[in-house]
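In: model the structure of this input:
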Amino acid sequence: MKFRKTPVKGTCDILPEEMKLREYVLSMIKETYKLYGFSQIETPVMEHIENLTGKQGGENEKLMFQILKRGEELKKAFEDRKEELADSGLRYDLTVPLARYYANNISKLTMPFKSLQIGNVFRADKPQKGRFRQFMQCDIDILGDNTILAEIELIAATSTMLTNIFKEVGISEFTVHINDRRLLKAMGAYSGFCEENFDEVFISLDKIDKLGTDKVKEELLFKGYPMEKVTKFISIFSNWNKGISCAEYCSFITKDFVETQVIENIDTIIACVKKMINKDVKLVYNPALVRGMSYYTGTIFEISITGYNFSIAGGGRYDEMIGKFCGQNMAACGFSIGFERIITILQDNAKGNNYKNKKNIAFLIDKSISSERVIEIFEEATALRECGNIVLVQPLNKNAKFQVENLEKDGYKEIRKVLS
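Out: A predicted model of the protein is given here:
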């Protein structure tokens, strides 16, 4: 058998230099969210197949990696042809595992519960820049808080975290888009669409930033929707500008379609968060923001950055999912950060390695020195590490010049040759 040295398509090897950057970003994420009272948890990368296919994951369910049954169970399922061949799958996000985690540990958790999850997720997607089949996600969620305090905390914490990270490469501006699924449904109903058509209509609407209103209109007409309804629906989004408030923009929506409180909440969230974060961060009501997950029930939000055609974070309120696992209603709201996309942006904009904020020291030991001297070097290295420095101890090579050059490339600016 011929072995292949390249990683599986959609995955990648991570070299030491990038690993330093990733560890630095992870430390900043944890440090920021800890200040907001989030507690880190961990869930398995594998989940029961029925949990992953219960329509909680929306379009991501179609991208799931399924794990076949083993041994006699697989043989029986294959012969029977009625049983599912898979009994588990790799998680495609961290939200479904969180719902199961909460249901399983409900008696041990205090409410509201503020969780932080960091881990790999898997999707059989088409690989491209900023998109992999195995990738790291960082999620924060607040369970048990049905007020907009949850949204305010999630958006403020994530905006602060991104500000702290991006300032290392001179980026201070990004945009937080906010909407509400209930408002989207109200606009669909106002335009004359039936509720069973909402998902299909919103899938087209989600393309409006890339295609424009005319192309989205054409797509809806091609799907067979009446001209009158499509024209009325598209006209809602034609005059949107980023500076307008939700209340002003949605003045045509009456109480027959949506509660006034839904509209007021969006403007309140924006006003509160603006006072808590860097002034360069833009917060806007975006009536065309959809978010793909079908489990969202209220507020939704997404973060974009100029020059990139992908979002770097997204989330919203999903008050109905947890109850499916634990048998009781549970308010829930979360924000998911695209870790790999943040790394891509940092690498694209790096002016220098600002994440190397610790002193890197290398001891190169000549093989002729005594064992007592070796012990002394290791004691010194231990003391330096205790002060937060990165210390490498290795034998001095014959080609010392080449060895030193490689160490300097790896960030070791202080190199000590121990010859006696």
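In: would you mind identifying the helix or strand in this structure with the lowest mean pLDDT?
Out: Least confident helix or strand, the chain: helix 71-80 with a mean of 70, by mean pLDDT, DSSP states H and E.
In: now do that one: which elements does it pack against?
Out: Of the remaining helices and strands, none touches helix 71-80 by 3 or more C-beta pairs under 8 Å, 6 or more residues apart in numbering; DSSP states H and E. Any C-beta I mention is one placed from the backbone N, CA and C, and that applies to glycine too.
In: tell me the helix or strand right after that helix.
Out: As assigned by DSSP states H and E, the chain's next helix or strand after helix 71-80 is strand 86-90.
In: contact partners of the helix or strand following that next one?
Out: In the C-terminal direction, the helix or strand that comes right after strand 86-90 (DSSP H and E) is helix 95-105. Residues outside helix 95-105 that contact it (C-beta atoms under 8 Å, 6 or more residues apart in numbering): 41, 43-44, 47-48, 51-52, 56-57, 91, 109, 113, 115, 117, 139, 141, 143, 293, 295, 318, 321-322, 324-327, 330, 332, 334, 336.
In: pLDDT weak spots in the stretch 201-350 of the chain?
Out: 293 (pLDDT under 70).
In: and the helices in it?
Out: Secondary structure of the stretch 201-350 of the chain (DSSP state H, counting those that start in this stretch): helices at 208-211, 213-222, 227-238, 246-249, 260-274, 321-326, 339-349.
In: contact partners of the third one?
Out: It stands for helix 227-238. Here helix 227-238 makes contact (C-beta under 8 Å, 6+ apart) with 187-188, 190-193, 201, 205, 208, 213, 216-217, 220-221, 287-288.
In: before we move on, what about the fifth one?
Out: With contact meaning C-beta under 8 Å, 6+ apart, helix 260-274 is reached by 148, 151-152, 155-156, 159, 176, 178-180, 182-183, 245-247, 250, 253, 283-285, 298-299.
In: can you rerun that using 6 Å?
Out: Helix 260-274 is touched from outside by 148, 151-152, 155-156, 178, 180, 182, 245-247, 250, 283, 285, with contacts defined as C-beta atoms under 6 Å, 6 or more residues apart in numbering.
In: list the buried ones in it?
Out: Neighbour-count burial for helix 260-274, counted by 16 or more other C-beta atoms under 10 Å, picks out 262-263, 265-267, 269-270, 272-274.
In: ok, residue 326 to residue 114 distance?
Out: 18 Å (C-beta to C-beta, to the nearest Å).
In: of these two, which one has the most company?
Out: Ranked by neighbour count (other C-beta atoms under 10 Å), residue 326 and residue 114 place residue 114 first, with 21 against 14.
In: does the more buried one count as helix, strand or coil?
Out: Classification of residue 114 by DSSP: H, G, I helix; E, B strand; the rest coil places it in strand.
In: next, the contact list for it, please.
Out: Residues near residue 114 by C-beta under 6 Å, 6+ apart: 37-38, 142.
In: quick one on the thing from earlier: drop anything exposed from the contacts of helix 227-238.
Out: The buried subset of those (16+ other C-beta under 10 Å) comprises 187-188, 190-191, 193, 201, 205, 208, 213, 216-217, 220, 287-288.
In: mind putting these into JSON lines with distance to residue 258?
Out: Formatted as JSON lines, the buried ones among the contacts of helix 227-238 follow (distance: C-beta to C-beta, whole Å):
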{"residue": "187", "distance to residue 258": "9"}
{"residue": "188", "distance to residue 258": "11"}
{"residue": "190", "distance to residue 258": "9"}
{"residue": "191", "distance to residue 258": "13"}
{"residue": "193", "distance to residue 258": "15"}
{"residue": "201", "distance to residue 258": "16"}
{"residue": "205", "distance to residue 258": "17"}
{"residue": "208", "distance to residue 258": "20"}
{"residue": "213", "distance to residue 258": "22"}
{"residue": "216", "distance to residue 258": "22"}
{"residue": "217", "distance to residue 258": "23"}
{"residue": "220", "distance to residue 258": "22"}
{"residue": "287", "distance to residue 258": "12"}
{"residue": "288", "distance to residue 258": "16"}
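In: considering those residues, which is situated nearest to residue 240?
Out: The nearest member of the buried ones among the contacts of helix 227-238 to residue 240, counting by C-beta to C-beta, is residue 287 at 5.7 Å.
In: quick one on the thing from earlier: okay, the angle between the least confident helix or strand of the chain and strand 86-90?
Out: 110 degrees (axes from the mean of the first three to the mean of the last three C-alpha atoms, to 10 degrees).
In: buried residues in the longest helix anywhere in the chain?
Out: The single longest helix within the chain, with elements called by DSSP state H, is helix 16-35. Going by neighbour count (16+ other C-beta under 10 Å), the buried part of helix 16-35 is 20-22, 24-25, 28-30, 32-33.
In: list the helices and strands that helix packs on?
Out: Under the contact criterion of 3 or more C-beta pairs under 6 Å, 6 or more residues apart in numbering; DSSP states H and E, helix 16-35 touches helix 149-166.
In: now the helix it packs on against helix 16-35, angle please.
Out: Relative orientation of helix 149-166 and helix 16-35, computed by the same axes, to 10 degrees: 150 degrees.
In: what residue lies at the spatial centre of this structure?
Out: Geometric centre of the chain, nearest residue: residue 337, 2.4 Å, by C-alpha atoms, centre = their mean.
In: ok, that residue touching residue 139?
Out: No. Look at residue 337 against residue 139 with C-beta atoms under 6 Å: they stay out of range, at 7.3 Å.
In: pull the CA atoms of the longest helix of the chain into PDB?
Out: What follows is helix 16-35, C-alpha atoms only, in PDB (Å, rounded to 0.1, in the frame of the first residue of the first chain):
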ATOM      1  CA  PRO A  16       4.800  25.500  14.700                       C
ATOM      2  CA  GLU A  17       4.800  29.200  13.600                       C
ATOM      3  CA  GLU A  18       1.000  29.100  12.900                       C
ATOM      4  CA  MET A  19       0.400  27.100  16.100                       C
ATOM      5  CA  LYS A  20       1.900  30.000  18.100                       C
ATOM      6  CA  LEU A  21      -0.500  32.400  16.500                       C
ATOM      7  CA  ARG A  22      -3.400  30.000  17.200                       C
ATOM      8  CA  GLU A  23      -2.500  29.600  20.800                       C
ATOM      9  CA  TYR A  24      -2.100  33.300  21.200                       C
ATOM     10  CA  VAL A  25      -5.600  33.900  19.700                       C
ATOM     11  CA  LEU A  26      -7.200  31.200  21.900                       C
ATOM     12  CA  SER A  27      -5.600  32.700  25.000                       C
ATOM     13  CA  MET A  28      -7.200  36.100  24.100                       C
ATOM     14  CA  ILE A  29     -10.600  34.500  23.400                       C
ATOM     15  CA  LYS A  30     -10.500  32.700  26.800                       C
ATOM     16  CA  GLU A  31      -9.200  35.800  28.700                       C
ATOM     17  CA  THR A  32     -11.900  38.100  27.300                       C
ATOM     18  CA  TYR A  33     -14.800  35.700  27.800                       C
ATOM     19  CA  LYS A  34     -13.700  34.900  31.300                       C
ATOM     20  CA  LEU A  35     -14.100  38.500  32.200                       C
END
